[in-house]
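*Asks:* Here is the input, now give the coordinates:
(one chain, ligands or ions: 2)
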Amino acid sequence: MMQFGVIARKFSSSASVQSAIKNVTVIGGGLMGSGIAQVSAQAGQNVTLVDVSPDVLAKAQKSIGANLGRVAKKVYKDKPQEGEKFVAEALGRIKTLTDPVAAAKSADLVVEAIVENMDVKHKLFKQLDEAAPEHTILASNTSSLSINEIASVVKRKDRFGGLHFFNPVPVMRLLEVVKGAETSEATYNAMMAWGKAVGKTCITCKDTPGFVVNRLLVPYICEAIRLYERGDASARDIDIAMKLGAGYPMGPLELADYVGLDTNKFILDGWHKKYPDQPLFKPIPLLNKLVAEGKLGVKSGEGFYKYEKK
Ligand SMILES: C[C@H](O)CC(=O)SCCNC(=O)CCNC(=O)[C@H](O)C(C)(C)COP(=O)(O)OP(=O)(O)OC[C@H]1O[C@@H](n2cnc3c(N)ncnc32)[C@H](O)[C@@H]1OP(=O)(O)O
Ligand SMILES: NC(=O)c1ccc[n+]([C@@H]2O[C@H](COP(=O)([O-])OP(=O)(O)OC[C@H]3O[C@@H](n4cnc5c(N)ncnc54)[C@H](O)[C@@H]3O)[C@@H](O)[C@H]2O)c1
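*Replies:* Ligands and ions are numbered 1, 2, ... in the order given. As a prediction, the model looks like this:
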């Protein structure tokens with residue numbers, strides 16, 4: 001286990017930091033949920049991964065296995081058998097279920113990573129609040145919705161907060177830990193300790209739209225889409241410009257495809273509804289068109305670019 005510590009900064013897999021939370025339920029087995037399940041299992045947590053779709057769960061298990069394999073190849077470069085053991089043990093700590101109520105019953109922490117829609121999140125959290133044990137902390141990985149508004153439907157407002165991970169979860173080192181108006185100090189401390197235990201560098205943020213990263217990143221991505229929509233530059237040139245001219249690892253349109261154009265649209269629509277006078281949050285016809293056509297980016301095989309379907 002100690003070997004992990006050495007590369008924890010890179011692979012988010014430090015098992016050396018202690019957390020009282022040992023059993024984590026992750027709801028939503030998509031892009032984010034599968035990554036959160038992976039880093040939790042890598043850190044020695046017992047993980048229950050939940051999705052409404054058994055197909056999504058099967059796909060998540062496959063991609064987690066492949067990504068753990070990437071980690072093992074590097075950590076156990078000269079010890080392939082130990083690498084195989086590491087992958088098998090981490091995978092063995094993840095069980096899958098389609099019923100969130102059953103999954104909440106044994107959880108110390110539930111991290112929700114389902115669709116970015118307030119009504120759907122409310123319905124889920126009401127069920128979780130009723131089913132989970134008294135001590136269980138409920139948290140949302142929302143990109144842009146208000147933690148206080150999500151928490152409005154639960155009784156345990158003191159044991160509710162935001163845990164905002166970044167995509168790809170196993171690689172991105174940041175975790176934004178969001179305090180709602182009624183999040184207790186004990187809950188906040190437990191979330192910070194858990195974030196560190198799963199190998200992340202945690203920052204604290206108030207329940208403000210987009211927290212830190214998305215408040216800066218989403219308007220930037222949207223401005224790039226508008227630039228492209230106006231025909232000011234090609235998609236390729238916009239992306240090259242920001243990679244070579246500003247040092248970003250991905251250009252903004254590549255990043256929009258990577259995050260998911262539906263997620264980008266959910267974020268923008270939500271903020272526009274709340275702040276209709278803010279020009280940065282105005283709807284973008286091109287984004288709406290792509291989403292209506294099912295062009296959601298990497299996950300659907302096409303967005304601003306075309307991708308091989310996984
Ligand atoms: C909207 C939301 O609310 C918030 C968000 O999430 S906003 C989005 C935040 N994310 C970003 O900004 C991502 C920006 N992009 C990047 O940082 C990089 O392009 C990237 C890390 C995604 C890929 O990097 P790149 O060098 O092109 O690809 P690749 O070589 O495949 O991967 C880099 C390393 O990560 C590893 N890796 C990539 N994905 C992995 C995964 N899922 N699991 C484990 N390891 C992984 C690779 O093995 C590789 O390791 P190495 O350098 O030791 O060989
Ligand atoms: N995509 C990103 O880069 C990113 C980054 C940080 C945070 N987020 C946030 O994380 C959440 C998930 O985003 P994603 O990109 O992983 O989405 P995704 O579409 O890849 O996955 C969402 C999954 O949730 C499942 N689901 C929907 N309703 C459910 C329910 N009631 N119970 C169980 N499963 C349900 C879906 O079947 C789907 O597999 C959103 O709130 C999003 O804003 C996304």
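*Asks:* closest point of this protein to ligand 2, which residue?
*Replies:* Residue nearest to ligand 2 within the chain: residue 30 (1.9 Å; C-beta to the nearest ligand atom). Every C-beta, even on glycine, is put in place using the N, C-alpha and C of the backbone.
*Asks:* neighbours around that residue, how many?
*Replies:* Here the count is done by other C-beta atoms under 10 Å, and residue 30 has 18 residues near it.
*Asks:* neighbours of the residue lying closest to it once chain neighbours are set aside, just the number please.
*Replies:* Excluding its sequence neighbours, the residue lying closest to residue 30 (C-beta to C-beta, 6 or more residues apart in numbering) is residue 56, at 6.4 Å. For residue 56, the count of nearby residues is 19 (other C-beta under 10 Å).
*Asks:* So is the strand or helix carrying residue 56 next to ligand 1?
*Replies:* Assigned by DSSP states H and E, residue 56 falls within helix 54-75. Yes. Helix 54-75 is in contact with ligand 1 by C-beta under 6 Å from any ligand atom, via 67, 70-71, 74.
*Asks:* about what we covered before: my read is that the residue nearest to residue 30 contacts residue 29, right?
*Replies:* Yes. Judged on C-beta atoms under 8 Å, residue 56 makes contact with residue 29 at a distance of 4.6 Å.
*Asks:* Would you map the helices across the stretch 1-150 of the chain?
*Replies:* Using DSSP state H, counting those that start in this stretch, the helices of the stretch 1-150 of the chain run over 2-11, 31-42, 54-75, 80-92, 100-104, 118-131, 147-151.
*Asks:* Quickly, which of these bottoms out on average pLDDT?
*Replies:* Of all these, the minimum mean pLDDT falls on helix 2-11 (a mean of 37).
*Asks:* Near ligand 2, which residues of the protein? Just list them.
*Replies:* 27-33, 50-53, 56, 100, 113-116, 120, 124, 141-143, 165, 167, 259-260, 263.
*Asks:* Show the buried residues in these.
*Replies:* 27-33, 50-51, 56, 100, 113-114, 116, 124, 141-143, 165, 167, 259-260, 263 (16 or more other C-beta atoms under 10 Å).
*Asks:* Inside strands: which ones of those residues?
*Replies:* 27, 50 (DSSP state E).
*Asks:* can you tell me which residues contact the residue lying closest to residue 274 once chain neighbours are set aside?
*Replies:* Nearest non-adjacent residue to residue 274, counting by C-beta to C-beta, 6+ apart: residue 209, 7.2 Å away. The contact partners of residue 209, taken as C-beta atoms under 8 Å, 6 or more residues apart in numbering, are 144, 146, 215, 271, 274-275.
*Asks:* Can you check the pLDDT for residue 209?
*Replies:* As predicted, residue 209 sits at a pLDDT of 92.
*Asks:* Give me the nearest residue to the residue nearest the centre of the chain, chain neighbours excluded.
*Replies:* Nearest to the geometric centre of the chain sits residue 32, at 3.7 Å (C-alpha atoms, centre = their mean). Leaving aside its sequence neighbours, residue 32 sits nearest to residue 113 (C-beta to C-beta, 6+ apart; 4.3 Å).
*Asks:* Also residue 69?
*Replies:* With sequence-adjacent residues excluded and distances taken as C-beta to C-beta, 6+ apart, residue 69 is closest to residue 87, at 5.8 Å.
*Asks:* Pretty sure that neighbour sits against residue 68.
*Replies:* Yes. With contact defined as C-beta under 8 Å, residue 87 and residue 68 form a contacting pair (4.5 Å).
*Asks:* Where does the prediction get shaky in this protein?
*Replies:* Counting by pLDDT under 70, the low-confidence segments of the chain come to 1-17, 310.
*Asks:* go with 80
*Replies:* For the chain, the stretches with pLDDT under 80 are 1-18, 309-310.
*Asks:* Spell out which parts of it neighbour ligand 1.
*Replies:* Neighbours of ligand 1 within the chain, by C-beta under 6 Å from any ligand atom: 67, 70-71, 74, 143, 166-168, 170-172, 214, 217, 249-250, 255, 259, 263.
*Asks:* Now go through the residues you listed and say which are in helices.
*Replies:* Residues of the residues of the chain next to ligand 1 located in helices (DSSP state H): 67, 70-71, 74, 214, 217, 255, 259, 263.
*Asks:* now, which of the residues you listed sits nearest residue 131?
*Replies:* Taking C-beta to C-beta as the measure, residue 131 lies nearest residue 263 of those, at 27.1 Å.
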